[in-house]
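*Asks:* Okay, predicted coordinates and the sequence, questions at the end:
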Amino acid sequence: MSNNQKKTPCDTCGQNPQGRLKRLGVEIEKSDYVIALAGNPNTGKSTVFNSLTGLKQHTGNWPGKTVGRAEGGYIFDGSKYKMIDLPGTYSLMSTSEDEEIARNFILFGKPDVTIIVVDAGRLERNLNLALQILEITDKAVLCVNLIDEAKRHNIEIDTRTLSKELGIPVVATSALRGIGIADLLKTVDEVAKGEIKCTPHRIKNVPKKIETEVKKIQDKIENLYPNLPNSRWIAFRLLDGDRDIIKAIENGEFINDK
Ligand SMILES: Nc1nc2c(ncn2[C@@H]2O[C@H](COP(=O)(O)OP(=O)(O)OP(=O)(O)O)[C@@H](O)[C@H]2O)c(=O)[nH]1
Ligand SMILES: [Mg+2]
């Protein structure tokens, strides 16, 4: 915590995991774990980022505020975390410049844990991206944010069932009011250290014909770029004739982003 930030009772209470938090601002050299903050625009990613790192990323009540990616750090329980705040995106298939930055980091930045931030009041719509991310990562936490707003509209979220269905931990938060942030910190820590095992929801029953072709393309990609993560996802996109991905492969965009 920097000197100009006053400690609250919450920061110092031993019962509260947030008492084990030290905000590092931009001191992010030699981190133990990298955490990505992903989600639809305007779900509170930068508000979560600010509360954990002590930085002041631009926030506001309209989509598309975060442009490019921001990095900050914190220590929780002795482990050093580098946190990446990403621009909001609706889909991993999106093509706007900011959405590409988010997509490339989620796919190729090799984060240890991805926090998927969703709006509790727009859960159904937000789960589209969440399910896409779960196809490509084994370590994720769903942060159901704006829970205060949802409550005001009499929306209740059954986090236990959601967690069971998705196969990852689900934490309800109000980042603006600091509610649930302690729980989020602890959960991310446990997932990063492998103390919580995720079994993410995946699309099953891919037709055999498609599976065979995807495997062929995947093998080729892996031969060409042995260290590139998510070759299966790329293979699906190539099979789909995604021009954007073909272009990105051709100009080495993914490869440089390792
Ligand atoms: N009521 C309430 N407002 C919140 C909460 N979290 C964030 N906000 C507000 O929601 C708005 C969006 O927050 P941001 O943190 O900028 O959202 P973002 O996901 O980073 O948005 P983009 O960068 O555009 O993708 C801001 O006005 C925040 O103050 C919350 O838990 N409750
Ligand atoms: Mg933002």
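*Replies:* Thanks, I have it. What you are looking at is a predicted structure, and each value in this text was computed from that prediction instead of being measured. Ligands and ions are numbered 1, 2, ... in the order given.

*Asks:* Tell me the spacing between the closest residue to Gly68 other than its chain neighbours and Gly39.
*Replies:* The shortest distance from Gly68 to any residue other than its chain neighbours is 6.2 Å, reached at Ile101 (C-beta to C-beta, 6 or more residues apart in numbering). C-beta: built from backbone N, CA, C; applies to glycine. Noted for Ile101: a distance of 14 Å to Gly39, by C-beta to C-beta, to the nearest Å.

*Asks:* Which residue lies nearest to the residue in the stretch 51-200 of the chain positioned nearest to ligand 1 in three dimensions, sequence-adjacent residues excluded?
*Replies:* Of all residues in the stretch 51-200 of the chain, Gly88 sits closest to ligand 1, at 2.5 Å by C-beta to the nearest ligand atom. Residue nearest to Gly88 in three dimensions, not counting chain neighbours: Pro41, with 2.9 Å by C-beta to C-beta, 6+ apart.

*Asks:* Show the backbone phi and psi for the residue of the stretch 51-200 of the chain found nearest ligand 2.
*Replies:* Nearest residue of the stretch 51-200 of the chain to ligand 2 (C-beta to the ion) works out as Thr66 at 3.1 Å. As for Thr66, its main-chain torsions (degrees, to the nearest 10) stand at phi -80, psi 120.

*Asks:* Check which helix or strand Leu37 maps to.
*Replies:* strand 33-39 (DSSP states H and E).

*Asks:* Next up, the contacts around Ile155.
*Replies:* Residues in contact with Ile155 (C-beta atoms under 8 Å, 6 or more residues apart in numbering) are Ala120, Gly121.

*Asks:* In which helix or strand does it reside?
*Replies:* Using DSSP H and E, Ile155 sits within no helix or strand.

*Asks:* circling back to that earlier point, how about the nearest residue to the residue of the stretch 51-200 of the chain closest to ligand 2 once chain neighbours are set aside, what does it touch?
*Replies:* Excluding its sequence neighbours, the residue lying closest to Thr66 (C-beta to C-beta, 6+ apart) is Pro87, at 4.7 Å. Residues near Pro87 by C-beta under 8 Å, 6+ apart: Pro41, Gly64, Thr66, Val67, Gly68, Arg69, Asp98, Glu99, Ile101, Ala102.

*Asks:* got the angle between the strand or helix carrying the last one and strand 33-39?
*Replies:* Of the helices and strands defined by DSSP H and E, Ala102 is found in helix 97-108. Direction vectors for helix 97-108 and strand 33-39, defined by axes from the mean of the first three to the mean of the last three C-alpha atoms, to 10 degrees, enclose an angle of 140 degrees.

*Asks:* Helix 97-108 and ligand 2, are they touching?
*Replies:* No: counting by C-beta under 5 Å from the ion, ligand 2 has no neighbours in helix 97-108; the shortest distance is 9.9 Å.

*Asks:* My read is that Cys198 contacts Val170, right?
*Replies:* No: using C-beta atoms under 8 Å, Cys198 is not in contact with Val170; the gap is 11.2 Å.

*Asks:* so who does the residue nearest to Gly68 touch?
*Replies:* Residues near Ile101 by C-beta under 8 Å, 6+ apart: Gly68, Arg69, Leu86, Pro87.

*Asks:* and what of Phe105?
*Replies:* By C-beta under 8 Å, 6+ apart, Phe105 lies in contact with Ala36, Arg69, Ile84, Leu86, Pro111, Asp257.

*Asks:* pLDDT score for the second one?
*Replies:* At Arg69 the predicted local confidence, pLDDT, stands at 89.

*Asks:* you'd agree it is up against Gly88?
*Replies:* No: applying C-beta under 8 Å as the test, Arg69 and Gly88 come out as separate, 11.8 Å apart.
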